[in-house]
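**Student:** predicted model follows, preceded by the sequence.
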Amino acid sequence: MNNPVIVYNSSYNGLSIIQELGSRGIPCFALDSTYSVGAFSKYAKFKKCPNPIHDEKAFIDFLYNFCSKQSAKPVLFPTNDNWVLVTAKYKQILSEVAIPCVASFKTINILLSKDLFYQIGQKNKYLTPYTWSLQELNKINNDQFPIVAKPKYKTLPVESYNHQLNSFLKRIRLVVLNNKEELDKFCLSNKSLLKHILFQEYIPGYSDTMFTVGIYANNNHEIKALFTGRKVRGYPADIGDNVLGESHEVPQYLIENTEKIVKELSYEGIAEFEYKLNQKTGEYRLIEVNPRPWSWIGITPYCNVNIPYIAYQSLLGKEIELIKSNAKNGEVKYIKIFQDFFNCMFRYRFNYKPWYLSYKKWKKSIIAEKRVVAEWHKNDWGVVLASIPYLIGKIFLQKWRN
């Protein structure tokens, strides 16, 4: 069993798969339209490819031709929403020359179209936050505020992609509206964008109230690998991607809810289910599902549930019994150490002061029995050197967008 692996794109979620499988001697390729951190890993060969957002056909043609040249069918791990969607769209064609780790196009489209997923979630009781359509906004009672406005997509799908529109929507990642007046003002000032925005029940709390149920499900829609964890810090503090996360248990009913969704939506592949705890009510809400490897999937091999390798084995036909994470709360921590250090020393001072820490307190906060550092793995020094300019580039890009 030595089928090669193709990971695309090659940011930290892709990097974790490359390092885990590549260090096992499995041939790995990192595909991307730009140089990201995974492109510098010694465990993969980097191949520049077309960006499917800009040219879907060129990307699929490139991927098909590249796969057809391999000695055995490669396993495909798309790790970004649009790359997952286009892979699912052409899954049947790509299956002629590869083994895609992705669900059907119908399923992926439901999960990435937030308005559609929340509509199904309300009907099927998936613990999703209550969501109002544009036509229902005038029915929101005063006691139902605050509510939030957010885009229907993280990134617009290929067929409707517009760079300027996408940039506008990213600035409205999550807007809290405290009363009817703020809602009316928001709708008036964003009138041209309203068809791309949804309005939803507000779940208070910061990144540390977010819990992950990470899974791999086979083509019978059975969960074969199960990880549970908690974000400790993200950036921005309230809605940002995970920068420091840890192993953590979740209530059993959240796992049962995840199993229910996997079955009813016929899901297969790797996914992250993100639940948020409302500390005032003690209730959890399913905020979103990422139908792909998530940003800190690299923690899973250290929690006795190696999701990338389990997925690889299963996709190549090995029978897998359910494997669950056995790590205790906080026993294993995953950290993007350069980012977290910079955030805690500087950025949180302006974004969220409780996480603005002295060096001593920061160092104490990242202690764990097992610590997984995103930027290096088994002397993968190319990634270490690439991570610092990568972080600087992200900071400047964010400032430019703002």
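**Tutor:** Arrived safely, thanks for sending. Numbering: from 1, shown residues only.

**Student:** okay, CA-based contacts and neighbour counts for the rest of this
**Tutor:** Fine.

**Student:** next, the residue lying closest to Asp32 once chain neighbours are set aside: phi, psi?
**Tutor:** Spatially, and ignoring its direct neighbours in sequence, Asp32 is nearest to Asn9 (4.9 Å; CA to CA, 6 or more residues apart in numbering). Dihedral pair for Asn9: phi -80, psi -170, per degrees, to the nearest 10.

**Student:** okay, now the domains of this structure?
**Tutor:** Domain ranges of the chain: 5-102, 130-201, 207-401, per automatic domain parsing.

**Student:** and the shortest one, how far out from the chain middle?
**Tutor:** Once both centres are worked out by CA atoms, centre = their mean, to the nearest Å, domain 130-201 turns out to sit 21 Å from its chain's centre.

**Student:** endpoints of it, how far apart?
**Tutor:** End-to-end distance for domain 130-201, by CA to CA, to the nearest Å: 5 Å.

**Student:** any idea of the mean pLDDT in that domain?
**Tutor:** Average pLDDT, domain 130-201: 86.

**Student:** again with stretch 256-271
**Tutor:** If you average the pLDDT values across stretch 256-271, you get 98.

**Student:** compute the first-to-last residue distance for that stretch.
**Tutor:** 15 Å.

**Student:** what lies in contact with stretch 310-322?
**Tutor:** With CA atoms under 8 Å, 6 or more residues apart in numbering as the test, stretch 310-322 has contacts from 1, 75, 99, 101, 216, 218, 223-226, 269-270.

**Student:** look up how far Glu274 lies from Ile310.
**Tutor:** Ile310 sits at a distance of 21 Å from Glu274 (criterion: CA to CA).

**Student:** ok, back up a step: deepest in the core, which of the domains of the chain is it.
**Tutor:** Highest mean neighbour count of the domains of the chain: domain 5-102, a mean of 21 (counted as mean count of other CA atoms under 10 Å).

**Student:** tell me the spacing between the residue nearest to Asp32 and Pro78.
**Tutor:** Asn9 is 7 Å from Pro78, by CA to CA.

**Student:** try Ile388
**Tutor:** Ile388 is 24 Å from Pro78, by CA to CA.

**Student:** so where do the strands sit in the stretch 151-300 of the chain?
**Tutor:** 175-177, 197-201, 210-217, 223-235, 241-247, 269-278, 283-290 (DSSP state E, counting those that start in this stretch).

**Student:** dump these to TSV, plus distance to Gln144.
**Tutor:** What follows is the strands of the stretch 151-300 of the chain, written out as TSV (distance: least, CA to CA, whole Å):
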stretch	distance to Gln144
strand 175-177	11
strand 197-201	8
strand 210-217	22
strand 223-235	27
strand 241-247	27
strand 269-278	15
strand 283-290	16
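
**Student:** out of these, which gets nearest to Leu137?
**Tutor:** When the strands of the stretch 151-300 of the chain are compared by CA to CA, strand 197-201 sits nearest Leu137, at 8.1 Å.

**Student:** angle of the closest one against strand 283-290?
**Tutor:** In terms of direction (axes from the mean of the first three to the mean of the last three CA atoms, to 10 degrees), strand 197-201 departs from strand 283-290 by 160 degrees.

**Student:** in the sheet, which strands lie alongside strand 197-201, parallel or antiparallel?
**Tutor:** strand 131-132 (antiparallel), strand 147-151 (antiparallel) (DSSP bridges).

**Student:** for the residue nearest to Ser266 when sequence neighbours are not counted, give me its contacts.
**Tutor:** Leaving aside its sequence neighbours, Ser266 sits nearest to His221 (CA to CA, 6+ apart; 5.7 Å). By CA under 8 Å, 6+ apart, the contact set of His221 is 262-263, 266-268.

**Student:** which one of these is nearest to Leu254?
**Tutor:** Val262 (12.4 Å).

**Student:** for the nearest residue to the closest one once chain neighbours are set aside, phi and psi?
**Tutor:** Distances taken as CA to CA, 6+ apart put His221 closest to Val262, at 6.1 Å, once the chain neighbours are dropped. The phi and psi values for His221, taken as degrees, to the nearest 10, are phi 60, psi 40.

**Student:** quick one: which of the strands paired with strand 197-201 is nearest Pro50?
**Tutor:** Across those, closest to Pro50 is strand 147-151 (CA to CA), at 26.0 Å.

**Student:** using CSV, write out every CA atom in that closest one.
**Tutor:** What follows is strand 147-151, C-alpha atoms only, in CSV (Å, rounded to 0.1, in the frame of the first residue of the first chain):
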residue,chain,number,x,y,z
ILE,A,147,-28.5,38.7,16.4
VAL,A,148,-25.7,38.3,13.9
ALA,A,149,-25.2,39.0,10.2
LYS,A,150,-22.7,36.9,8.3
PRO,A,151,-22.0,35.8,4.7
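
**Student:** and the contacts of that strand?
**Tutor:** With CA under 8 Å, 6+ apart, strand 147-151 has contacts from 169-170, 172-178, 196-202.
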